[in-house]
Every structure is written in structure tokens, then in C-alpha cells.
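Q: Requesting a structural model of the entry that follows:
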Amino acid sequence: ERNLEVIASSGAKTVLFSCPEGYATFKKHYPKVCGELPFEVLHMTEFLARELPGSGLSFKPSTNGALTYHDPCRLGRGAGLYEQPRDLLHMIPGGKLMEMGRNRENALCCGTSAWMECGGCSKEMRIERLKEAVQTGATTLITACPKCQIHLTCARGTAEMDLEIKDIYTYLSENLEEG
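A: Residues are numbered from 1 along each chain as shown. This is a model prediction of the structure:
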């Protein structure tokens, strides 16, 4: 209730989340407990996919080569947001999106839901996901979840894979035209 009071008192009409878990909490769970929220709840990929087209902003060609996208569990299966991140990636000229065999609702979890320990079974899941990314021919894996990025990067370090792992907002900002 305190979170809602603070947000409502700020006068915010829309609240943006970059974290899929925070987004899911406010989008699905808060309304069940607290009723209708007095503001719009959006994930950043929803907002950017809605607002960037026609905004006058443009992107320079990607120098990252082929890339692949990891669907975070909470954002994909939890919220049904599959196309918005891909729409954003397609805005970058020269960026070739290579889909992993398991994508969208069939995507393999990064293995660390709810900040689960990074060992054993979850590490094997992350390494399996990274191998799937490498098999696409991509040199960069993009995700829209900071937790997935952290844990996939950790696994990449021990698996010695030549795969860059980036968050979608970093990728977009690196390719934004200046001026």
C-alpha cells in the first residue's frame, strides 16, 4: 500500500519498469490485492515500442553483427511480451536477429528465477541456453531482464564462450544517432 501511496502522490500517470519481475508484481499481483491502480503500468519494451516509431529518433547501423534475443520468463510467459523487444531490435539497421530454436513461450529459462543460487542445475541451464545462442551464429545475445543478463554473463565466463551479452536498452542507446 505504501508503494501505491508514494506513486499516486507523485502524480505519475504511467510507471515504467525495466525489471520484468517488478513489472509482473505491479501489473498482475498489486491489482489483485489493492484493486485497480491509479496509473498505467508498462514494461520499458512496451513503452519504447509504442513511442519510438514516429518520434524522430533514428538509429545508426549495428556493428554487433548477428544477434539473438533471450525471452525472460516473467516478461514472456508471465506477461506475454514477445514482440515488443523484437520490434525494438528490428529498428536498428543492419542488426540481423537470429532466433534460437527455443524462443518465445518455449524459451529456456536462464535458470535463476527469484535470484536462485547460481550453482548446480541452474548453471547447467544457463550454459545450455548460451550454447543455443551460439548455435544461431549470433555474436551478441540481447535480453530485457537485468537478472538474466547478470546470470548469463556469469555462466559465459566459466563456459568460455565467444558471445557478448547485452541488455536491450544498452544495445539501443549504443546505436542511437546523435544529433
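Q: Walk me through the domains of this protein.
A: 2-51, 66-174 (automatic domain parsing).
Q: can you tell me which helix in this protein is longest?
A: The residue-count maximum for a helix in the chain (DSSP state H) belongs to helix 120-135.
Q: So which elements touch it?
A: On a contact count with 3 or more CB pairs under 8 Å, 6 or more residues apart in numbering; DSSP states H and E, helix 120-135 meets strand 66-70, helix 146-159. Any C-beta I mention is one placed from the backbone N, CA and C, and that applies to glycine too.
Q: Please enumerate residues in contact with the helix or strand that it is followed by?
A: Scanning forward in sequence from helix 120-135 by DSSP states H and E, the next helix or strand is strand 140-143. The contact list for strand 140-143, computed with CB atoms under 8 Å, 6 or more residues apart in numbering, reads 64-70, 72, 85, 89, 110, 130, 133, 149, 152, 163-168, 171.
Q: Can you tell me how far the residue lying closest to L152 once chain neighbours are set aside is from G111?
A: Of all residues not flanking L152 in the chain, I165 sits nearest, at 5.2 Å (CB to CB, 6 or more residues apart in numbering). Relative to G111, I165 is positioned 14 Å away (CB to CB, to the nearest Å).
Q: So for stretch 4-13, what gets flagged as buried?
A: If you call a residue buried by 16 or more other CB atoms under 10 Å, then stretch 4-13 has these buried ones: 4, 7.
Q: residue contacts, the residue most central in space within the chain?
A: The residue lying closest to the centre of the chain (CA atoms, centre = their mean) is A144, at 1.0 Å. Contacts for A144 (CB under 8 Å, 6+ apart) come out as 18, 20, 43-45, 72, 75, 85, 167-168.
Q: what's the farthest-apart pair in those?
A: H43 and D167 (13.2 Å; CB to CB).
Q: In terms of neighbours, single out the busier of those two.
A: H43 (26 against 17; other CB atoms under 10 Å).
Q: pretty sure the more buried one is in contact with G78, am I right?
A: No. The criterion here is CB atoms under 8 Å, and H43 misses it with G78 at 10.4 Å.
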